[in-house]
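S.K.: here's my sequence, what's the structure:
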Amino acid sequence: MSRNPDPNPATAPHRPLSLYGILAIVLLWNAGYKGARVANTLYALELGGGPLDTGLLLATYGIFPLLLAVFTGRIADRYGARIPVVTGTIISLLGIVLPYFWPTLPMLFVAAAVSGAGFILVQVSVQALVGSLGSGTARTHNLNTYALVVATSDLLGPVLAGISIDNVGHVRTYLYLALPTLAAVVAVIFLAHRLAHRAAGGGGRAGQRMMDLVRNRDLRRMLVVSGLVMGGLDLFQLYLPIYGHSIGLSATAIGLILGSFAAATFVTRALLPALTGRLGETATLCYSIFLAAATFCLIPMFESALVLGITCFVLGLGMGMGQPLTVILTYNYAPAGRHGEALGLRITINNSMHVTVPAMFGAVGSLFGLAPVFWLSSVVLAAGGYAARASPRDR
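M.R.: Reported below is the predicted structural model:
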């Protein structure tokens, strides 16, 4: 009788990567990505770009996510997260360092496009992977924990970018921002064998069409809400640095103001389980978006960094619920075995906003100034709050 049923350790099944191992990689990868977005915006302004240029730059981030999100979701549903996560982190690293080697305004657009491609490969796959690790309240907990980690990296990335720019300049900042993403790449390469190579429940796709997802009333409602919320978030991330630059704030001050927004999203996501347990997921989403809409229009009324930081903190309290709740509700409303595809469709719609809204609002900012941009953004968010209202059968 054999005492070792599997004498070859190489053939033994590998232990799956835990939720916290996955989230550690997300923290490092997303901090570099979000910091580079802020650095690109501020460097574009330093190179002489205006609101229209920076609006087009932000829109460039959404080109590949718009084209690849549904495809990436299908890959994650069928084959698991391993291939897209490994590939996406490497591409993200490339997108961060390109402006260091070629510090020109056109290269910022190339870097934005490359970073967007890497971002979408990682984001859709990781969201689907985290959602698959539990069901019911466990899934809500896991996706909310994922959102907390994203909020943490949203805080770290812009603050690191702002401090680095003030101390070592725009160009060298890209090397500092590449460090956390490089660490994520190394971790992913060494731990790739512990990421699922085949997706659970990712069976045949005969007869399945994307329009079947769109016809799902509840899912369609979440897709619309998510697009409007992400449109408002994009406008904040673009126009807060532009507004801060226009009133003479330092890069560090702008980074800290963006960090206050991210800190607020961390607070709200920490409170998310209690709020959803008391109000329900749909009502919590609705109220939070209306709070954000009421706050957004206040930004151009202030020039003090401290007051702007407080205002953006309150804004973050409202907007911090949008992403995790739309992810959770999209996952819950998606048909079995098509969660990655539904999340990809959500991101496709979000990135249609990424591409069109910044360019359109950039033209508005160039013609009429920055204040109308913030006021119109408030209207966009209010429309999202209206769309988020529960349907009669949800009540």
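
S.K.: only C-alpha atoms for contact and neighbour calcs from this point on.
M.R.: Will do.

S.K.: so what secondary structure elements neighbour the helix or strand harbouring Gly277?
M.R.: Counting by DSSP states H and E, the element that carries Gly277 is helix 251-279. If contacts are counted by 3 or more CA pairs under 8 Å, 6 or more residues apart in numbering; DSSP states H and E, helix 251-279 sits against helix 137-168, helix 217-246, helix 305-319.

S.K.: distance from that helix to the middle of the chain?
M.R.: Its chain's average C-alpha position is 14 Å from that of helix 251-279, according to CA atoms, centre = their mean, to the nearest Å.

S.K.: ok, stretch 270-282 next?
M.R.: 21 Å.

S.K.: what residues sit buried inside it?
M.R.: Leu272, Pro273, Leu275, Thr276, Glu281, Thr282 (16 or more other CA atoms under 10 Å).

S.K.: among these, which pair sits farthest apart?
M.R.: Pro273 and Thr282 (12.8 Å; CA to CA).

S.K.: any weak-confidence spans in the stretch 251-395 of the chain?
M.R.: 337, 354-355, 358-359, 362-363, 365, 390-395 (pLDDT under 70).

S.K.: number of nearby residues for the nearest residue to Phe361 once chain neighbours are set aside?
M.R.: Of all residues not flanking Phe361 in the chain, Val373 sits nearest, at 6.3 Å (CA to CA, 6 or more residues apart in numbering). By other CA atoms under 10 Å, 25 other residues sit near Val373.

S.K.: hmm, who's touching whichever strand or helix holds Val373?
M.R.: Assessed by DSSP H and E, Val373 sits inside helix 371-387. Contact with helix 371-387 is made by 221, 224-226, 228-229, 231-232, 235, 285-290, 292-297, 299-300, 361, 364-365, as judged by CA atoms under 8 Å, 6 or more residues apart in numbering.

S.K.: ok, and for it, which residues are buried?
M.R.: 371-385, 387.

S.K.: try stretch 133-153
M.R.: Of all the residues in stretch 133-153, those buried under the rule 16+ other CA under 10 Å are 139-153.

S.K.: which ones are touching Leu367?
M.R.: Per CA under 8 Å, 6+ apart, neighbours of Leu367: none.

S.K.: from Leu27, how far off is it?
M.R.: Counting by CA to CA, to the nearest Å, the gap from Leu367 to Leu27 is 38 Å.

S.K.: repeat that for Gly322.
M.R.: 19 Å.

S.K.: who has more neighbours, those two?
M.R.: Gly322 (27 against 23).

S.K.: the more buried one contacts Val224, correct?
M.R.: No - contact criterion CA atoms under 8 Å: Gly322 and Val224 do not qualify, at 12.0 Å.
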